[in-house]
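Participant: Can you look at this prediction? I've put the sequence above it.
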Amino acid sequence: MIHDPNRVYVFDTTLRDGEQVPGCQLTTPEKIEIARELEALGVDIIEAGFPISSPGDFQSVVEISKAVRNPTVCALTRANKGDIDVAVESLQYAKHPRIHTGIGSSDMHIKHKFNSTREEILVRAVDAVKYAKRFVEDVEFYAEDAGRADIVYLAQMIEAVIAAGATVVNIPDTNGYCLPNQYGDKIKYLKDNVQNIDKAIISVHCHNDLGLATANSIAGLQNGARQVEGTINGIGERAGNTSLEEVVMILKTHPVLGLHTNINARNFYEISNTVATQMRMPVQANKAIVGSNAFAHSSGIHQDGFLKNRENYEIIKPEDVGFPSATIVLTARSGRHALKYHLERLGFNLNKEELGEAYHRFLTLADNKLNISDDDLLLLVRGEKFA
Ligand code: KIV
Ligand code: ZN
């Protein structure tokens with residue numbers, strides 16, 4: 001098979017990193033439903049859980065492995081044999097199994113989480129990859145807190161785990177700490193300085209503590225990473241993970257980046273709703289791509305421009321992400337053009353003078369009412385001389 005150098009692999013961790021959010025826990029049937037929708041969306045890898053963490057998580061990995069055929073099914077472990085043994089067992093039905101193992105890479109984690117040394121941690125990382133490799137061909141290694149790790153040590157660790165057989169190397173900005181240029185430079189440094197880097201795919205895994213997860217992921221891809229990890233709706237603990245829908249639509253909207261995925265973007269709105277409902281985590285109205293206001297135009301200036309040519313204020317067509325349609329919201333900030341548009345939609349073709357009068361009445365109504373419905377418009381028009 002010829003490897004396409006511009007193809008970005010999409011790794012979804014909604015069911016693992018996303019599901020760690022308090023109150024968002026899912027039952028196995030709910031996870032299977034999401035996994036099937038992820039398969040229809042076209043993700044390449046589904047991280048189905050952390051099997052050692054609970055019997056429920058173990059069972060979910062087993063059932064998801066049976067339920068999907070195309071995506072790789074991945075199970076998370078820490079860098080120890082016990083975790084890896086359980087992950088191997090949970091993946092027994094997976095057509096394409098992957099083990100995702102790893103350990104902290106920053107001095108902060110090495111000293112204050114593992115009470116260890118760089119040398120010892122390196123040995124544990126290599127041993128974990130070698131052990132996982134006995135059971136599956138596809139082993140991804142994560143260097144936790146790579147965002148704050150010393151770059152020379154990180155490069156040494158990545159070179160050692162690739163030599164041990166890692167097929168994918170994940171460089172997580174676990175705490176959402178990096179600036180986009182810093183994160184991009186980290187990926188570039190690894191590309192330029194890890195001798196065997198061409199034997200593995202570099203993966204970006206960013207958190208959103210400073211609101212930079214999407215920007216950092218894109219910076220990583222621009223510098224040579226070819227797998228992106230994230231969740232639907234950016235769900236995840238604290239401020240969340242990278243929103244996959246944002247990354248995919250950025251790559252589509254900017255062909256100059258020269259990168260593409262296998263994602264069926266028209267499925268985004270549906271899966272976003274499923275995840276929000278199942279996880280009891282509503283999507284904020286102004287969320288990019290899938291928020292309820294993402295394609296709603298409300299100020300008079302924008303509405304007028306949009307009605308003249310939608311591309312004045314629309315860089316993505318709502319239908320391209322499965323969104324029902326763009327909306328022109330009537331508020332006290334709307335202009336005549338927006339009112340005319342809605343009245344015509346309801347079958348009223350007013351002349352200039354009639355529209356002027358209707359607009360005057362409309363403004364009085366809109367100053368006193370937050371949402372102007374079709375019924376309000378009918379009353380408005382019929383209430384006086386159009387009755
Ligand atoms: O953020 C992180 O470092 C992780 C790893 C376990 C991959 O989620
Ligand atoms: Zn994470």
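Facilitator: Arrived safely, thanks for sending. Numbering: from 1, shown residues only. Ligands and ions are numbered 1, 2, ... in the order given.
Participant: Would you agree Ala94 falls within a strand?
Facilitator: No - Ala94: not assigned to a strand; according to DSSP: H, G, I helix; E, B strand; the rest coil it is coil.
Participant: Now do the buried residues in stretch 96-115.
Facilitator: Of the residues in stretch 96-115, 96-107, 109-110 count as buried by neighbour count, 16 or more other C-beta atoms under 10 Å. The way it works is simple: take the backbone N, C-alpha and C, and place the C-beta from them, glycine included.
Participant: measure it end to end?
Facilitator: 36 Å (C-alpha to C-alpha, to the nearest Å).
Participant: can you count the residues close to the residue nearest to Ala160 when sequence neighbours are not counted?
Facilitator: Nearest non-adjacent residue to Ala160, counting by C-beta to C-beta, 6 or more residues apart in numbering: Val126, 5.1 Å away. Residue neighbour count, defined by other C-beta atoms under 10 Å, stands at 19 for Val126.
Participant: give the contact list for Val126.
Facilitator: With contact set as C-beta atoms under 8 Å, 6 or more residues apart in numbering, Val126 has these partners: Ala160, Val161, Ala163, Ala164.
Participant: On the three-state scheme, Leu210 is what?
Facilitator: Under the three-state scheme (three-state DSSP), the conformation of Leu210 reads as coil.
Participant: Count residues in the vicinity of it, would you?
Facilitator: 15.
Participant: Which positions within stretch 50-57 qualify as buried?
Facilitator: Counting neighbours by 16+ other C-beta under 10 Å, one finds that the buried residues in stretch 50-57 are Phe50, Pro51, Ile52, Ser53, Asp57.
Participant: mind listing what Arg336 touches?
Facilitator: By C-beta under 8 Å, 6+ apart, Arg336 lies in contact with Leu355, Gly356, Tyr359.
Participant: residues contacting Ala366?
Facilitator: Leu330, Thr331, Ala332, Ser334, Ile372.
Participant: list the contacts for the last one?
Facilitator: In other words, Ile372. Leu330, Thr331, Phe362, Leu365, Ala366.
Participant: if you set the cut-off to 10 Å instead, what comes out?
Facilitator: Shown in contact with Ile372 (C-beta atoms under 10 Å, 6 or more residues apart in numbering): Val329, Leu330, Thr331, Ala332, Ser334, Leu339, His342, Phe362, Leu365, Ala366, Leu380.
Participant: The second one now?
Facilitator: The contact partners of Thr331, taken as C-beta under 10 Å, 6+ apart, are Ser298, Ser299, Gly300, Gln303, Ala338, Ala366, Asp367, Lys369, Leu370, Asn371, Ile372.
Participant: Glu311 and ligand 1: what is the separation?
Facilitator: Separation of Glu311 from ligand 1 (C-beta to the nearest ligand atom, to the nearest Å) stands at 38 Å.
Participant: Helices of the stretch 151-300 of the chain, start to end?
Facilitator: Shown for the stretch 151-300 of the chain, the helices assigned by DSSP state H, counting those that start in this stretch span residues 151-163, 180-193, 213-222, 244-253, 268-278, 300-308.
Participant: Buried deepest among these, which one?
Facilitator: When you average the neighbours per residue for each of the helices of the stretch 151-300 of the chain (mean count of other C-beta atoms under 10 Å), helix 213-222 leads with a mean of 25.
Participant: low pLDDT regions in this structure?
Facilitator: Of all residues in the chain, those with pLDDT under 70 make up the ranges 1-2, 383-387.
Participant: Phi, psi for the closest residue to Asp12 other than its chain neighbours please.
Facilitator: Of all residues beyond its chain neighbours, the one nearest Asp12 is Val43 (4.4 Å), with distances taken as C-beta to C-beta, 6+ apart. Comment: the main-chain dihedrals of Val43 come out as phi -70, psi 150, following degrees, to the nearest 10.
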